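S.K.: sequence? don't have it. structure:
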């Protein structure tokens, strides 16, 4: 169990507010030395007992005077401030002490809600209602997947960058890109880092997620290096999803055996992690040997950016990710609901057994999404983009026809089904989020009931749907769906 | 010899301006079919004989109605317009027909100056003077080389991106980054494409140059793919420099033999070129075999971005580059002047023999640069940054002490000298550009006398000198040195 400290800068009888604040900093240093997990300061105005009108100043000072403990507010009273101002203040704080700052917010001085905020750190949303869930990060995502289908590449990237800017502006949680080759199915993105670097330069708060990079096709020195560059260029906004890859013709082109897929993945992820976290790394692996080397640049986030593991359908991968403290990225649309639930249960049990708390889990699930004010219009547009995506997927997996691999048991059957999607059934089964904002909310309520808290990656894809429709989906989602879950009312 | 057409939309006697314009478009289509190189339209106002008040409209139409011929203005009369507006118009045109649009500008209606502009296509500068040189690209470059020396990586990238924006704003020709590992000598840039993608997103006109990417360490599918992404993200502003690499510990870490360096380079460049230019590529090489595959995304510039070859000291490499129609990147500071002249002569002779015109050559040379209003101050600052760079280089080449390779004859001696730079001698020999703007102009005049027209890459490096000094150097250079060569007066 992790222990944290919530401090209210209580003014001792007969003493002054200045003393109370100095006491708070003493306490912060002590908590840091003793290994506590977090130090939180409260906000109180115009009371004789508490000296805490400006938690952001205390956070700044406490962070400066400590070394490893996380420091945050519990909480900033949002109704008093412009949300922009609060976000700016905490961005400055995070810039000064990357990875150690948590923003908790409140709607009043009630102690009850402060505890609730402590459950939901780091999420700059307007928490205006009662009954915060354990994790605010619920949705808020955005995915550039790249089904160009003949779209000129210049237009594709221009539109994708504009969608990334929109995600930044509308408060979405992340922008995610795949790594694929040769096919319309993701093939405009042979190197997700290149796109995300451009997106990082055009945005200021949205996180950047590789979904995923493929260690099988890139040397770990190269992968660690360019991701560390991106982590610095984005000033710590990078989360790195790693995947095994699953398209036979990609393996063939790189002359890598699919039967080595898992071994290459495991070696690649661990080599990259060590290159980030350690200096003078010596690596003697099955596929690569090097060292001692110290990778440059060092990552912005220490010891390294958040790691996520893409698991299409192997529960053992999810368990391993849980044990290692990594997040998981799942694709619920290609698996029965019960199987996703089992995979999640195994992941969460493994993470719990390894000492990670529920709030530290990180589960991303991707859903195709199409929202319009008019439900009928949404279903027409959603069907169209869904069919385009299915055609692209069907073409990409066609090389599975003559492929079998021990590292991919049963894949030939999965991919057989790919591209034959039944749109209506997919919507009914909540595997695709299509409809009015209200209909999409109902679907998300169901999904949440099945799977608990997680982050949704919306597949709002330049190429699979016209730019204007992708932008409309994002705007409607941000306006009518997002606030519902942010405050859970 | 290449033939082009300059059209003035002459109004036939008894006819109308509309007919004259239609005639011009007919002529453009004819020139396209017959294989002429360029079709230029003039600008004339308020004359009874010429129907050409809006060449930009004609360029748009002519480009739309032709397929391969280059189309441009000869020239837009700059004094009548805001330069920004002209740049915007021609950026739109280039976006519609990438790689086929030339902007020629004029200061009045004189035929003499129109011909002069035809010699200097595609360079959006105010050519206000007489006597344009054969090539305006003389100047104007900027290099992020990454000698961080303990600078935090986040700050390094932030400053480097700001310098890139400044280069864009001040009219420099390109931003260039290296590929190196592990050492302060370039080691913050293990993947130049990642930095250049961020720079592309923050700039609108400056070109982006890899100086260089190293095919020895990256699979050609990967290299072709991410560079094609960058070409699209930058909307055709990418030039790709390839290098062989020369640091033994980089080869050791990637488990690549230095003795395979040239073979890997040749195979890598040619495989990437074909992946860009062709579809269904089948490659059976010594180091890689794949195909048939069609690389995605297709490059913005067709058939592919400009290719440059980094040649540190092997004249045969320069000759091969000339024969292939590639540019060269030279480092004059590490070679005697006569050797640079010989290398250039061989390059130019080979390019000429292969049918390339002098204007199509592309020679980049890197020079350390430090400019200040006060000459003494410049020498103090220049010495400091030069010494920092030398220390970084000396550390990086230390692994040459125990290395010999047939692919790198005599390198152990070159690198022995590296890092022992004599600053005063280097300035006196015009191998480093340090001083007042006037002193730097004098140095460039000398260099031009020795080497002819070429593009200077200024090493103005975040990390090797404080950001403010790098920015000052660029501002002074842009204000007092650049215009001198742009108009050659």
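M.R.: Done, it's in. Computed from a prediction, not measured in an experiment: that's the story for all the values here.
S.K.: so after the helix ranked longest in chain A, what's the next helix or strand?
M.R.: If you go by DSSP state H, chain A has its longest helix at helix A:375-396. Counting by DSSP states H and E, the element after helix A:375-396 in chain order, helix or strand, is helix A:411-417.
S.K.: circling back: the longest helix of chain A: how far from the chain's middle?
M.R.: From the chain centre to the centre of helix A:375-396 is a distance of 25 Å (Cα atoms, centre = their mean, to the nearest Å).
S.K.: tell me if that helix is near chain B.
M.R.: No: shown here: helix A:375-396 not in contact with chain B (Cβ under 8 Å from any Cβ of the partner chain), separated by at least 11.3 Å. From N, CA and C alone the C-beta is placed, and that goes for glycine too.
S.K.: and for stretch A:454-462?
M.R.: No: remark: stretch A:454-462 sits outside contact range of chain B, by Cβ under 8 Å from any Cβ, the gap being at least 12.4 Å.
S.K.: any idea of the mean pLDDT in that stretch?
M.R.: Averaging pLDDT along stretch A:454-462 gives 81.
S.K.: how about the stretch 51-200 of chain A: which residue is closest to chain B?
M.R.: residue A:190 (2.9 Å; Cβ to the nearest Cβ).
S.K.: check the stretch 201-350 of chain A too.
M.R.: Counting by Cβ to the nearest Cβ, the stretch 201-350 of chain A gets nearest chain B through residue A:225, at 2.9 Å.
S.K.: returning to what we had before: quick one: what helix or strand has the nearest residue in space to the residue of the stretch 51-200 of chain A closest to chain B that is not next to it in sequence in it?
M.R.: Computed as Cβ to Cβ, 6 or more residues apart in numbering or on different chains, the closest residue to residue A:190 that is not its neighbour in sequence is residue B:225, at 2.9 Å. Residue B:225 is part of helix B:220-233 when elements are defined by DSSP H and E.
S.K.: relative to helix A:220-233, how tilted is that helix?
M.R.: On the basis of axes from the mean of the first three to the mean of the last three Cα atoms, to 10 degrees, helix B:220-233 is oriented at 20 degrees to helix A:220-233.
S.K.: name the next helix or strand downstream of helix B:220-233, please.
M.R.: Assigned by DSSP H and E, the successor of helix B:220-233 is strand B:238-242.
S.K.: show me what that next one is in contact with.
M.R.: B:174, B:176, B:196, B:207-215, B:227, B:230-231, B:265, B:268-269, B:272, B:300-301, B:305-310, B:327, B:329, B:362, B:364 (Cβ atoms under 8 Å, 6 or more residues apart in numbering or on different chains).
S.K.: check these against chain A, which are close?
M.R.: Answer for those near chain A (Cβ under 8 Å from any Cβ): B:230, B:300.
S.K.: go through the contacts of strand B:238-242 and flag which are in strands.
M.R.: B:174, B:176, B:207-213, B:306-310, B:327, B:329, B:364 (DSSP state E).
S.K.: what about residue A:216, how many residues nearby?
M.R.: By other Cβ atoms under 10 Å in any protein chain shown, 24 other residues sit near residue A:216.
S.K.: not counting sequence-adjacent ones, nearest residue to it?
M.R.: Residue A:216's closest residue in space is residue A:264 (Cβ to Cβ, 6+ apart), at 4.5 Å.
S.K.: go ahead and confirm residue A:405 touches residue A:412.
M.R.: No: between residue A:405 and residue A:412 there is no contact under Cβ atoms under 8 Å: 9.1 Å.
S.K.: now residue A:193, nearest residue through space, not along the chain?
M.R.: Excluding the flanking residues, the one nearest residue A:193 by Cβ to Cβ, 6+ apart is residue A:226, at 4.9 Å.
S.K.: so the one you found sits against residue B:191, correct?
M.R.: Yes: Residue A:226 sits in contact with residue B:191 when judged by Cβ under 8 Å, with a separation of 3.7 Å.
S.K.: distance from the chain centre to the helix holding residue B:225, please.
M.R.: Counting by Cα atoms, centre = their mean, helix B:220-233 comes out at 18 Å from the chain centroid.
S.K.: go on, stretch A:22-32?
M.R.: With Cα atoms, centre = their mean, you get 32 Å for stretch A:22-32.
S.K.: if you average the pLDDT over it, what comes out?
M.R.: Per-residue scores along stretch A:22-32 average to 84.
S.K.: any low-confidence regions in the stretch 351-489 of chain A?
M.R.: A:414-415, A:418-419, A:461-463, A:486-489 (pLDDT under 70).
S.K.: contacting residues for residue A:310?
M.R.: Per Cβ under 8 Å, 6+ apart, neighbours of residue A:310: A:211-212, A:241-244, A:328-329.
S.K.: and the helix or strand harbouring residue A:28, which residues are buried?
M.R.: If you go by DSSP H and E, residue A:28 is part of helix A:17-34. For helix A:17-34, the neighbour count (16 or more other Cβ atoms under 10 Å in any protein chain shown) marks A:20-21, A:23-25, A:27-28, A:31-32 as buried.
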